[in-house]
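Novice: pasting the structure only:
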């Protein structure tokens, strides 16, 4: 009987831990919208369209949707050098914004589900943690 109770408590603790680390997608998107306003809006604009030749678009961005882990890496560590987005080359620098893994997951979920973007991926803290330089 003790073993059953211990097993049940362990499973309950694991479930609670998972819920703490993985908020619902809607909440992550909402939190990501606030982060976007504070860190991304200046360059990529409120519409996610960016500035042609200077700041790449996030709205309907083939680069973003086809390179999710590289996009995460760019937010997490910064990005420099040429990239091609929607057949246009960009060769600027995006500095590391100093966001933690949860903030990066939230802003990625917001970006991947805004301005006509739709992704089946739900970006989690664990996925962010797996992306390295």
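Specialist: Structure's in. What do you need? Quick caveat, the model's predicted, so the values are computed rather than measured. Numbers count the residues shown, from 1 in each chain.
Novice: show me the contacts for residue 58.
Specialist: Each residue near residue 58 by Cβ atoms under 8 Å, 6 or more residues apart in numbering is listed here: 40, 44, 48, 49, 50, 64, 111, 114, 115, 117. C-beta: built from backbone N, CA, C; applies to glycine.
Novice: try 6 Å this time
Specialist: With contacts defined as Cβ atoms under 6 Å, 6 or more residues apart in numbering, the neighbours of residue 58 are 44, 48, 64, 111.
Novice: Skipping its backbone neighbours, what lies nearest the last one in space?
Specialist: With Cβ to Cβ, 6 or more residues apart in numbering as the measure, residue 58 is the residue that lies nearest to residue 111, at 5.2 Å, once sequence neighbours are left out.
Novice: Assign the one you found to helix, strand or coil.
Specialist: Secondary structure state of residue 58, per DSSP: H, G, I helix; E, B strand; the rest coil, is coil.
Novice: Pull up the gap between it and residue 44, please.
Specialist: According to Cβ to Cβ, to the nearest Å, residue 58 and residue 44 sit 5 Å apart.
Novice: Next: residue 68.
Specialist: As judged by Cβ to Cβ, residue 68 and residue 44 stand 16 Å apart.
Novice: Please say which of these two ends up with more neighbours.
Specialist: Neighbours were tallied for residue 68 and for residue 44 using other Cβ atoms under 10 Å; the higher tally belongs to residue 44 (22 against 17).
Novice: right, and that one touches residue 56 too?
Specialist: No. Contact status for residue 44 versus residue 56: not in contact, 7.7 Å apart, counting by Cβ atoms under 6 Å.
Novice: Need the overlap of contacts for the two.
Specialist: Overlap between the neighbourhoods of residue 44 and residue 56 consists of residue 50, taking contacts as Cβ under 6 Å, 6+ apart.
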